[in-house]
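[1] Quick one: sequence and predicted model below, then my questions.
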Amino acid sequence: MKYFIRYGFMLAGFISVACASGGAVDIAHTDFSERVINFVIFLAILWYLGAHRLNSLLQNRQQAISSRFEQAQEKINEARKGREQAQKQLEEAQRKALDIIATAKKEAMIITQKYEEQCSADIESLMHSSESLMFFEQRKARVELVESVLKELFNSDEAGIDTQEYVRILSKKVA
């Protein structure tokens, strides 16, 4: 209704400007004023019949835009929450990775120490067994040497050692 009054005053202003310019004589002999009145009535009827439809159409469009805007806001909020959650997960994963690395380094040190201890124990055991083996081999070689020398002496007449001398030598070795 406000629009009708506003447009009515504007139309009256146009008509008064047209009359003031000296064109009043020309308009009086034509049906311009009747046409303007008919046009205004036509616009009023269109407005009366179509205003509700146009208003509902505009409200529906406004609601559709508003709902799409709200959906976009919800998606933005969800994306922010997802990003924050992903950031938290990333920080937690980095913290876990640092913990795993620290644990792996500790385990590597422990394993290295165990292997070093085991290796040193094995080396010590091998050295002890090789010393024992060398001692027994030296003893065996001495016994074999003594046996071979004695065999030669017993078998040869050149040595000239009698049995008494052999007993004395053996008893000296045994003692």
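    Okay, I see it. Numbers count the residues shown, from 1 in each chain.
[2] can we go C-alpha only for contacts and neighbour counts from here?
    Noted.
[3] Just give the number of residues close to G8.
    13 (other Cα atoms under 10 Å).
[4] swap that for A44, please
    15.
[5] Can you report how many residues neighbour L43?
    With other Cα under 10 Å as criterion, L43 counts 13.
[6] can you tell me the average pLDDT over the one helix or strand L90 maps to?
    Assessed by DSSP states H and E, L90 sits inside helix 32-155. Mean per-residue pLDDT for helix 32-155: 91.
[7] Output the contacting helices and strands for that helix.
    On a contact count with 3 or more Cα pairs under 8 Å, 6 or more residues apart in numbering; DSSP states H and E, helix 32-155 meets no helix or strand.
[8] what angle sits between the next helix or strand after that helix and helix 32-155?
    Once helix 32-155 ends, the next helix or strand along the chain (criterion: DSSP H and E) is helix 163-174. Interaxial angle, helix 163-174 versus helix 32-155 (axes from the mean of the first three to the mean of the last three Cα atoms, to 10 degrees): 150 degrees.
[9] In CSV, could you pull the C-alpha coordinates for helix 163-174?
    These are the backbone C-alpha positions of helix 163-174, laid out as CSV (Å, rounded to 0.1, in the frame of the first residue of the first chain):
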residue,chain,number,x,y,z
THR,A,163,118.1,-99.7,33.7
GLN,A,164,119.2,-98.1,37.0
GLU,A,165,119.8,-94.8,35.2
TYR,A,166,116.4,-95.0,33.5
VAL,A,167,114.6,-95.5,36.8
ARG,A,168,116.5,-92.6,38.4
ILE,A,169,115.6,-90.3,35.5
LEU,A,170,111.9,-91.4,35.6
SER,A,171,111.7,-91.0,39.3
LYS,A,172,113.2,-87.5,39.0
LYS,A,173,110.6,-86.6,36.3
VAL,A,174,107.7,-88.0,38.4
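[10] for it, packing partners?
    Helix 163-174 packs on no helix or strand, going by 3+ Cα pairs under 8 Å, 6+ apart.
[11] Off-centre distance for the helix holding L90?
    5 Å (Cα atoms, centre = their mean, to the nearest Å).
[12] Could you do stretch 165-174 as well?
    For stretch 165-174, the distance to the chain centre is 87 Å (Cα atoms, centre = their mean).
[13] What are the contacting residues of it?
    With contact meaning Cα atoms under 8 Å, 6 or more residues apart in numbering, stretch 165-174 is reached by no other residue.
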